[in-house]
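# A structural model of the following input is requested.
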Amino acid sequence: MFKQFDKGDIEGFKGEMDEMSHPSRFSFLMAVKGLRKGCLNGFIGTTGSGKSTLLKTIIADSSNEKCLVWLSEETAKEYQVKIQRALKEKDNIKNIYFVEERELESLDNKIQEVFLKKFEKIVYEIRPKIIFIDNITSSNFYSDDLSPAQQGASATFLSRLAKKANIPIVFVAHTKKGVNDTYSGLITKEDVRGSQKISIITEYLYIIQTFSSRGKKYPLITISKNRHHEVDDKYYVLGFHEGIYKFDKMVDFEIVKKMFRARDVL
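I've put the predicted structure just below:
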């Protein structure tokens, strides 16, 4: 039987959280005052767009506090090597707790209620100050075995958990079939794989789309949703060096349109 967490557990967990949101080296995050506590913070992008690479940098920036990294694709060893390259304080790797979903594989994981209780149990054992899920759309949260209604139930579960624990839950998600970086338009929140419930209830949502032109890549990130904050600037080009995202720079929509027109199209 999984432990049922009562109000005292939850309030004690929340009491450990300070009031400030998590800072970042990236302007697009600081535009909304960092990763927001009690909220879902999501990144949607195509395969190969760099969303997991960006997430690793964000994890490295958050690692002065305890982080839980939930993995459905890469192994912890692979992930840790890449995060270490982005760490400013190398000793902070000890603050990052990795869970490989495949290591938890069993028949009962296919039962949604059991899987969600198992996830919650791990969260309340580790008591992280931030949770990262890479990748939600290839995990048991959003498995192809689940119906859209069940996928929506996973989204609701994560939203409620973020609020109960008063921590940010950050996820990356694939785009749906047929949506790639040479897509006929800019990618939107409606292009998420599976049920759209996750993009509907996520408070802070970012879209990554990489434009290729004459052999060079230009990763663009868009602030798609910013529920509790007004932002003037919504488009940022990401600076990438030696496998790590280092910085970003705000651009106006006219630049975005030029990038779109100049992109290589198959």
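
# Next, Val172: secondary structure please.
Classification of Val172 by DSSP: H, G, I helix; E, B strand; the rest coil places it in strand.

# Return the set of residues that bridge with it.
For Val172, the beta-bridge partners under DSSP bridges are Phe43.

# and the gap between it and Lys257?
Per Cβ to Cβ, to the nearest Å, Val172 is found 26 Å from Lys257. (C-beta placed from N, C-alpha, C; glycine too.)

# okay, these two: which has more neighbours?
Neighbours were counted for Val172 and for Lys257 using other Cβ atoms under 10 Å; Val172 has more, 23 against 11.

# I'd assumed Lys51 was in contact with the more buried one.
Yes: counting by Cβ atoms under 8 Å, Val172 does reach Lys51; the two are 4.6 Å apart.

# Now do the shared contacts for these two.
Phe43, Ile44, Gly45 (Cβ atoms under 8 Å, 6 or more residues apart in numbering).

# Just the buried subset of these, please.
The neighbour count (16 or more other Cβ atoms under 10 Å) marks Phe43, Ile44, Gly45 as buried among the shared contacts of Val172 and Lys51.

# Would you mind confirming that the second one makes contact with Lys51?
Read that as Ile44. Yes: counting by Cβ under 8 Å, Ile44 does reach Lys51; the two are 7.5 Å apart.

# Are there residues contacting both of the two? Which ones?
What both Ile44 and Lys51 touch, as defined by Cβ under 8 Å, 6+ apart, is the set Val172, Ile208.

# Sketch out the low-pLDDT regions of the stretch 51-200 of the chain for me.
Along the stretch 51-200 of the chain, segments meeting pLDDT under 70 span 105-110.

# Please, where are all the strands along it?
For the stretch 51-200 of the chain, the strands defined by DSSP state E, counting those that start in this stretch cover 67-71, 96-100, 130-134, 169-174.

# could those strands be laid out in TSV, adding distance to Ile200?
Output for the strands of the stretch 51-200 of the chain, formatted as TSV (distance: least, Cβ to Cβ, whole Å):
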stretch	distance to Ile200
strand 67-71	21
strand 96-100	26
strand 130-134	17
strand 169-174	13
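
# Next, the contact list for the most centrally placed residue in the chain, please.
The centre of the chain sits closest to Phe171, judged by Cα atoms, centre = their mean, with a distance of 2.5 Å. Residues in contact with Phe171 (Cβ under 8 Å, 6+ apart) are Leu40, Asn41, Gly42, Phe43, Phe132, Ile133, Asp134, Asn135, Ile136, Leu158, Ile198.

# now Glu190
So Glu190 contacts Gln196, Ser199 (Cβ under 8 Å, 6+ apart).

# Would you mind measuring from it to Lys258?
Per Cβ to Cβ, Glu190 is found 24 Å from Lys258.

# How about Arg193?
Taken as Cβ to Cβ, the span from Arg193 to Lys258 is 29 Å.

# More neighbours: the two, which one.
Taking other Cβ under 10 Å, Arg193 and Lys258 do not tie; Arg193 has more neighbours (20 against 13).

# So what does that one look like in phi/psi?
With angles defined as degrees, to the nearest 10, Arg193 sits at phi -70, psi 140.

# what do you get for Lys66?
Note on Lys66: backbone dihedrals following degrees, to the nearest 10 are phi -70, psi 130.
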